[in-house]
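Q: Okay, sequence plus prediction incoming.
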Amino acid sequence: MIFNKIKIENFRPFRGESEIVFPVDKKRNVTIVYGMNGAGKTTLLNAFLWALYGGFTKDTERPDLVINSEVWAKAKVGDKVTASIELQFSNDKNLYILRRSVTGHKTKIGRDQQLDKSQLVLMVRGEDGNSRKVDAPSEAIDQILPEKLSNFFFFNGERELEQLVSQTTAAGAEIEAGIKTILGLEVIERATERHLVEVIARFNKDLRQLGDPKLDQLSDDRDHQEEQIKKLEVGRNQLKSNNEAVSKEIEAIDTKLLGLQSVATLQKQRDALEADLIRANADRETANKSLDQVINRYGYSAFLFPRSKFLENLTSNLRAEERLPAPLKRSFIDDLLARGTCICGASITKDKDARRHLEEIRASAGLAEVEEAWLRLASNAAGLETEVADMRGLLKEARHAANNAVLRQGGKQAELSEISSKLQDNDVEDVVKLEDQRVRYRRKEAENERELGSFELRLRQAELRIREIDREISRHEGHGGKVKVAQRRIEAATESRELLLKILKVRAESVRKELDCRIKETYRSIAVKDYVPELTPTFNLDIFQGSGEDDRETAIKSTAENITLSLSFVGALASFASSQSGSEGDGLFNASGGVFPLIIDSAFGSLDEGYQKAVARALPGLVPQVILLVSKSQGKSVVEETLKSKVFERYVITLHTAKDGEEPQFIELNGSNYPYVVPDTSTYAEVVKVGEK
């Protein structure tokens, strides 16, 4: 998707019509729109979102006031007033013209607007020049730029960029969902979460129709367990949601503490310690999994090893008695008896004594299969000592890693407690209040985590019970094999669901690793410090310092580094999506990659000149089209100079204000002054193209 043009009519602060034309030139792919705070930069960002999806950014105030307030105020009771956005964009050699409009019916005097449902029309013109109306416009738009991906390409200020790199489950889940959207995995997820579950339920219904009391009892039990799983999943998800809300409260407090100069250093130390604690928790979990794997792989050898010497001695005795291997094989004698002729040529059919003698020898002859099994057992017994030694070494290594992780956990927790105590004992009242609130939220978070663990345990128990029930049903006899058929269907559907879940996990992990490599490459080209970014296994974005595993620790990130990391991820995601564009998939997955623009409102506010220059230099190469919404202070000087050769057009959002005593303001661009703030009889915004007045 590449934007060509946007037309705005009576949309929020914009009165009348305003138009912006965007670049399609790959070499000059940047558009800069200047505007003071409150003039309408965020509204311009929302104009794209409203046109495409009918919504606004999360922090938009009064999203119900869509029509320009001046136009609405001047309308008479009984009048109809319309606001609209027309958006032209190209995608996959087609030109699209989208128009979303909303009509308000003024029934009374006042600010509140009585709006109809917005209307969306989408036209498409192909390479042949013919235009047609798209029947399902919302679905078509979501195929081109899925709404779930819009959060990565439409940013409302530094705060949203920083939220992307927050170490929360929600941030990781959002990134993981974005990856699955690009890969086209959502259809498979629906199959595992809904369709196959319904198929299994239908097959269980078939079992009930057989009228067997035992089967009915088992089916009832299975249905009960399925119902329990649904309830537990709802409860678990609610707890996760609650915990995310708690995490956001803690994050808000941390932001406030960072803003208090007297405790900012302590808060930065705490941020780094908490990130290290997360790593220590993950390392402990990895070590415990390693312990489980070692015991599963080698545990039997600890029990068999004491008998290995007995097996070795017994084998030696059998060899000494020439019973192992046996001098004659039973199969050899069976061949002679069947042929009726001895190896010397004598007939054993006529000579009954010879035949009886051979049969007696056969009784003591060795069975090849038994001898092979015995020799294999003896050989394995001889190797048990080596396996036990290997097991001890691996157990020691895993226990050492687990113990180290526990020690690190304890150390980090102690340091965090010390920081919290210092903040609670601080002389500044605001600091004490904030820290007390934070401690309460942390306790609530810990309670939620414990309850989540209980939910996970009960879920596993219910799932295990369902497997046990399925085994009981499979062993049930009768009904002319109908039970077996129904159970095979249930097993096939269950196995298909489990297999698809594994495939989803493997596919997402594969892309995570690929994105991680792309993020590292982009980050190195922007960042000033030699930190190493990572898209972690939980799909969170983080930065580390130190090169080796022993000295590697989470870096204390500044706003500049957070923005750099976020933009590195966006660039990596855009690059990956572009590589998937036009892909036909592999029969199971249908990739929905594409070419996406990047729109950022106020990206440079907290950056010093060094980072402003680095970010501005990198932006044009991250995505095929960049639209920057900046204030005069953010966009002038370093940013403008760095982007000079990449800028296609510049625009100014001129704010007309009815405020008494307001002085006119101007912005100088290309050697000319353009109105920035204009004293007027009413308040509204308009867009002026640089080069036109």
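A: Looks like it arrived, so ask away.
Q: Quick check: nearest residue in space to the most centrally placed residue in the chain, chain neighbours excluded?
A: With distances taken as CA atoms, centre = their mean, the residue of the chain nearest its centroid is residue 176 (1.1 Å). Closest residue in space to residue 176, ignoring its immediate chain neighbours: residue 539 at 4.2 Å, by CB to CB, 6 or more residues apart in numbering. Yep, even glycine has a C-beta here, placed from its N, CA and C like the rest.
Q: Just say helix, strand or coil for that neighbour.
A: coil (DSSP: H, G, I helix; E, B strand; the rest coil).
Q: ok, now residue 277?
A: helix.
Q: For it, report the pLDDT, please.
A: For residue 277, the pLDDT comes out at 83.
Q: likewise the one 3 residues further on?
A: According to the predicted model, the pLDDT of residue 280 comes to 82.
Q: One more: residue 18?
A: Looking at residue 18, the pLDDT reads 91.
Q: now the strand or helix carrying it, how far from the chain's geometric center?
A: Element membership of residue 18, judged by DSSP states H and E, is strand 17-21. Distance, stretch centre to chain centre, for strand 17-21: 36 Å (CA atoms, centre = their mean, to the nearest Å).
Q: which helices and strands does it pack with?
A: If you count contacts as 3 or more CB pairs under 8 Å, 6 or more residues apart in numbering; DSSP states H and E, strand 17-21 packs onto strand 2-9, strand 647-657, strand 684-689.
Q: hmm, try it at 7 Å
A: strand 2-9, strand 684-689 (3 or more CB pairs under 7 Å, 6 or more residues apart in numbering; DSSP states H and E).
Q: Among these, which comes closest to residue 568?
A: Of all those, strand 2-9 sits nearest to residue 568, with 22.1 Å by CB to CB.
Q: on that earlier part again, heading C-terminal from the strand holding residue 18, find the next helix or strand.
A: The C-terminal neighbour of strand 17-21 among helices and strands, as given by DSSP H and E, is strand 30-34.
Q: possible to save the helices and strands packed on strand 17-21 as TSV with mean pLDDT?
A: Listed next are the helices and strands packed on strand 17-21 as TSV, based on pLDDT from 0 to 100:
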stretch	mean pLDDT
strand 2-9	92
strand 684-689	91
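Q: Of those strands, which is nearest residue 615?
A: Closest of the helices and strands packed on strand 17-21 to residue 615 is strand 2-9, at 21.3 Å (criterion: CB to CB).
Q: For the residue nearest to residue 176, the count of nearby residues, please.
A: For residue 539, the count of nearby residues is 20 (other CB atoms under 10 Å).
Q: any low-confidence regions in the stretch 101-250 of the chain?
A: In the predicted model, the stretch 101-250 of the chain carries pLDDT under 70 at residues 157-174, 182-196, 206-211.
Q: Got phi/psi on the residue nearest to the centre of the chain?
A: When read as degrees, to the nearest 10, the backbone of residue 176 gives phi -60, psi -40.
Q: In this model residue 505 seems to touch it, though I could be wrong.
A: No: Residue 176 is beyond contact range of residue 505, at 10.3 Å (criterion: CB atoms under 7 Å).
Q: that older thread, who does the strand holding residue 18 pair up with?
A: Within its sheet, and counting by DSSP bridges, strand 17-21 is paired with strand 2-9 (antiparallel).
Q: how much does the strand it pairs with deviate in direction from strand 30-34?
A: Interaxial angle, strand 2-9 versus strand 30-34 (axes from the mean of the first three to the mean of the last three CA atoms, to 10 degrees): 20 degrees.
Q: Go ahead and name everything in contact with strand 2-9.
A: By CB atoms under 7 Å, 6 or more residues apart in numbering, the surrounding residues in contact with strand 2-9 are 14, 17-22, 24, 47, 83-90, 595, 597, 624-625.
Q: How about stretch 253-262?
A: Contacts to stretch 253-262, defined as CB under 7 Å, 6+ apart, come from residues 263, 264, 267, 271, 428, 431, 434, 437, 438.
Q: Buried among the residues you listed? Need that as a selection in ChimeraX.
A: With 16 or more other CB atoms under 10 Å as the burial test, the buried ones among the contacts of stretch 253-262 are selected in ChimeraX as follows:
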select :263,267,271,431,434,438
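Q: Among the contacts of stretch 253-262, which ones are in helices?
A: 264, 267, 271, 431, 434, 437, 438 (DSSP state H).
Q: of all these, which comes closest to residue 77?
A: Nearest to residue 77 out of these is residue 437 (CB to CB; 48.3 Å).
Q: Can you tell me the SS state at the spatially closest residue to the closest one that is not a sequence neighbour?
A: Nearest-residue entry for residue 437: residue 253, 6.0 Å, with adjacent residues in sequence omitted and distances by CB to CB, 6+ apart. Classification of residue 253 using three-state DSSP returns helix.
Q: Flag the helix or strand of this protein with the lowest per-element mean pLDDT.
A: helix 157-163 (a mean of 63; mean pLDDT, DSSP states H and E).
Q: State the pLDDT value of the closest residue to residue 155 other than its chain neighbours.
A: Leaving aside its chain neighbours, residue 155 sits nearest to residue 600 (4.7 Å; criterion: CB to CB, 6+ apart). If you check residue 600, the pLDDT there is 84.
Q: before we move on, what about residue 626?
A: What the model reports for residue 626 is a pLDDT of 88.
Q: and what of residue 436?
A: Reported pLDDT for residue 436: 87.
Q: I'd like to know how far the closest residue to it other than its chain neighbours sits from residue 265.
A: In this structure, residue 436 finds its nearest non-sequential neighbour in residue 424, 6.6 Å apart by CB to CB, 6+ apart. Distance, residue 424 to residue 265, by CB to CB, to the nearest Å: 16 Å.
Q: Quick check: end-to-end length of stretch 61-68?
A: 14 Å (CA to CA, to the nearest Å).
Q: thinking again about what came up before, how about the helices and strands packed on strand 17-21 in CSV, adding distance to residue 415?
A: As requested, these are exported to CSV (distance: least, CB to CB, whole Å):
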stretch, distance to residue 415
strand 2-9, 49
strand 684-689, 50
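Q: what are the bridge partners for residue 3, then?
A: Assigned bridge partners for residue 3, using DSSP bridges, are residue 89.
Q: actually residue 542, sorry about that
A: Bridge pairing for residue 542 - DSSP bridges - gives residue 534.
Q: Show the pLDDT at it.
A: On the pLDDT scale, residue 542 is placed at 80.
Q: residue contacts, it?
A: Shown in contact with residue 542 (CB under 7 Å, 6+ apart): 167, 275, 534, 536, 554.
Q: And these, which of them are buried?
A: Applying 16+ other CB under 10 Å to the contacts of residue 542 flags 167, 275, 534, 536, 554 as buried.
Q: Looking at those, which is nearest residue 391?
A: Comparing the buried ones among the contacts of residue 542 against residue 391 with CB to CB places residue 536 closest, at 31.0 Å.
Q: Okay, the closest residue to that closest one other than its chain neighbours and residue 442: tell me how far apart.
A: Spatial nearest neighbour of residue 536, excluding adjacent residues (CB to CB, 6+ apart): residue 542 at 5.9 Å. To residue 442, residue 542 is 20 Å away according to CB to CB.
Q: what does residue 10 give?
A: The spacing between residue 10 and residue 442, counted by CB to CB, is 48 Å.
Q: ditto for residue 23
A: Distance from residue 23 to residue 442, by CB to CB: 49 Å.
Q: And those two? Which one has more around it.
A: residue 23 (21 against 14).
Q: residues in contact with the more buried one?
A: Contacts for residue 23 were tallied using CB under 7 Å, 6+ apart; they are 29, 31, 625, 648, 649.
Q: follow-up on the earlier one: redo the helices and strands packed on strand 17-21 as a markdown table? Include distance to residue 198 and mean neighbour count.
A: Converted to a markdown table, the helices and strands packed on strand 17-21 look like this (distance: least, CB to CB, whole Å; neighbours: other CB atoms under 10 Å):
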| stretch | distance to residue 198 | mean neighbour count |
| --- | --- | --- |
| strand 2-9 | 41 | 19 |
| strand 684-689 | 51 | 20 |
